[in-house]
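> Pasting a predicted model and its sequence here:
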Amino acid sequence: MGEDSSSTSIDSSSIGFKLLKKHGWKEGTGLGVSGQGRLEPVQAYLKKNKRGLGADKVKKISVGSYEDVPSNGKADKEHMPMTKKEKAVSKRMKKMLREEKQLQEKEFEQAFFREFWPDNV
């Protein structure tokens, strides 16, 4: 740890180094009241995806592909592609759910304003 710390030490021209020095830190000592903290800075890396920290990789699932049909040639209802009528129903359901969510958000907002500004609502 002692020899390796020179390769990962903080550059003396960085703002972090200057702030640490300003607050009484001495180079080569750990952070904390009795200097018991870590000696090297934490190594950072750049995340290139928009998933959360610790998230597992996504498994790609193909929906309605021909490989999903059983070998006997008869497809289950859940593996069949949706009909136009089913798509229309699902669109209506999505729209109803979206409108219901917007209504709930509006009611929450009104309750919030009533709580803090009862004279204005």
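Thanks, I have it. Residues are numbered from 1 along each chain as shown.

> for the chain, what are the low-confidence residue spans?
1-8, 58-80, 120-121 (pLDDT under 70).

> and the longest helix for the protein?
For the chain, the helix with the greatest residue count under DSSP state H is helix 84-116.

> Using the three-state scheme, assign Lys47.
coil (DSSP: H, G, I helix; E, B strand; the rest coil).

> typed the wrong thing, it's Lys21
Going by three-state DSSP: Lys21 is helix.

> and it, what does it touch?
Taking C-beta atoms under 8 Å, 6 or more residues apart in numbering, we find Lys21 in contact with Glu27. Heads up, the C-betas are built off the backbone N, CA and C, glycines and all.

> Quick check: it vs Val89, distance?
As judged by C-beta to C-beta, to the nearest Å, Lys21 and Val89 stand 67 Å apart.

> again with Met96
Distance of Met96 to Val89, computed by C-beta to C-beta: 10 Å.

> Then Gly35?
Where Val89 is concerned, Gly35 sits at a distance of 67 Å (C-beta to C-beta).

> tell me the centre residue of this structure?
The residue lying closest to the centre of the chain (C-alpha atoms, centre = their mean) is Gly52, at 3.3 Å.

> What about Glu100, how many residues nearby?
Glu100 has 10 neighbouring residues, counting by other C-beta atoms under 10 Å.

> ok, it - contacts?
Here Glu100 is in contact with no residue (C-beta under 8 Å, 6+ apart).

> again, but for the one 5 residues further on
Going by C-beta under 8 Å, 6+ apart, Glu105 touches no other residue.

> do the same with Phe17
10-11.

> Please give the three-state secondary structure assignment for it.
Reduced to three states by three-state DSSP, Phe17 is helix.
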